[in-house]
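Q: Sequence and predicted structure below; questions after.
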Amino acid sequence: MVECHDELFLLDAGTGLSNIRNYRSIISKYDTIHLILSHYHLDHTIGIIYLDPFVRDKKIKIYGPGRMAYPETTSYYMHALLRREFFSRCIDDFSDDVQIIDFPAESFRAGNTKITVKEQQHSSPSFRIVLDDKLIYATDTTFDPGVWNELSGTLLLHECWDCHQTISDRHTSLWQLKYQLPLNKFDKVLLLHQNPAWDVSDYEFIEKSIAGTNLILAKDGMQLSV
């Protein structure tokens, strides 16, 4: 959840979106909610169902890659996901004003906020999302050191799927972020999309590995100012 230019953005919609119930006071401030999807995998979309009770009096704008990278539109995938056979309310019934929009270009505006998207390598195409040239969200992506020579920002939200040294064609490891990412180009780097297979020893290893760096292990309820 990101507040920017008096607008509210949600980046992806995994099951963590159930936490929206804890942020009613923030939701109540906005007439429009912008949901930006990096891709359509279930762990990034299934949480849309948790929006339903909180947005019925609001405008909802859902943005996704659509035909920029996929054979069908974002509207097609959202309606397929939220068929009545799977969920009691169609996405169109969440409010009186639901708009489902394919990314119109690699750079566009959502309200007063500049949005930049760029395709990443994953098992299905995912997209890096940048808000206002300050906040960068990069999840479900193989790590390409060359990408980060051209990017900088105040806050980088980056997936960290493997805590030990690995090279994957789908995900990014802590080793790659610590030793191959130019950390000095970012004020803070928040590690998210964490592997559910991690145990206590993995978390202890990560905390020890990132001590003294600007790498931060993301936790539910964490709030940061950019």
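A: Cool, got the structure. Numbers count the residues shown, from 1 in each chain.
Q: contacts and neighbour counts: CA atoms only from here.
A: Noted.
Q: Show the residue spans covered by the strands in this structure.
A: 2-4, 7-11, 32-36, 59-64, 97-102, 107-110, 113-120, 126-131, 135-138, 153-159, 186-192, 215-217 (DSSP state E).
Q: Same list (the ones you listed) but as CSV, adding distance to residue 225 and mean pLDDT.
A: Formatted as CSV, the strands of the chain follow (distance: least, Cα to Cα, whole Å; pLDDT from 0 to 100):
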stretch, distance to residue 225, mean pLDDT
strand 2-4, 10, 95
strand 7-11, 14, 97
strand 32-36, 19, 98
strand 59-64, 24, 98
strand 97-102, 28, 98
strand 107-110, 20, 96
strand 113-120, 17, 97
strand 126-131, 14, 98
strand 135-138, 10, 97
strand 153-159, 9, 95
strand 186-192, 11, 96
strand 215-217, 14, 97
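Q: can I get the ones you listed in a markdown table with mean neighbour count?
A: A markdown table is the format used below for those (neighbours: other Cα atoms under 10 Å):
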| stretch | mean neighbour count |
| --- | --- |
| strand 2-4 | 14 |
| strand 7-11 | 17 |
| strand 32-36 | 20 |
| strand 59-64 | 22 |
| strand 97-102 | 17 |
| strand 107-110 | 13 |
| strand 113-120 | 18 |
| strand 126-131 | 22 |
| strand 135-138 | 22 |
| strand 153-159 | 21 |
| strand 186-192 | 19 |
| strand 215-217 | 19 |
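Q: what's the closest of those to residue 176?
A: Nearest to residue 176 among those is strand 153-159; the distance by Cα to Cα comes to 11.0 Å.
Q: Alpha carbons of the closest one, in PDB - could you do that?
A: The C-alpha trace of strand 153-159 is given here as PDB (Å, rounded to 0.1, in the frame of the first residue of the first chain):
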ATOM      1  CA  GLY A 153      15.600   5.500  -6.200                       C
ATOM      2  CA  THR A 154      14.700   6.300  -2.600                       C
ATOM      3  CA  LEU A 155      13.200   2.900  -1.900                       C
ATOM      4  CA  LEU A 156      13.600  -0.400  -3.700                       C
ATOM      5  CA  LEU A 157      11.100  -3.200  -2.900                       C
ATOM      6  CA  HIS A 158      12.800  -6.300  -4.300                       C
ATOM      7  CA  GLU A 159      11.900 -10.000  -4.000                       C
END
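Q: about what we covered before: could you export the strands of the chain as JSON lines, including distance to residue 86?
A: Listed next are the strands of the chain as JSON lines, based on distance: least, Cα to Cα, whole Å:
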{"stretch": "strand 2-4", "distance to residue 86": "29"}
{"stretch": "strand 7-11", "distance to residue 86": "23"}
{"stretch": "strand 32-36", "distance to residue 86": "21"}
{"stretch": "strand 59-64", "distance to residue 86": "19"}
{"stretch": "strand 97-102", "distance to residue 86": "19"}
{"stretch": "strand 107-110", "distance to residue 86": "30"}
{"stretch": "strand 113-120", "distance to residue 86": "29"}
{"stretch": "strand 126-131", "distance to residue 86": "24"}
{"stretch": "strand 135-138", "distance to residue 86": "29"}
{"stretch": "strand 153-159", "distance to residue 86": "29"}
{"stretch": "strand 186-192", "distance to residue 86": "28"}
{"stretch": "strand 215-217", "distance to residue 86": "34"}
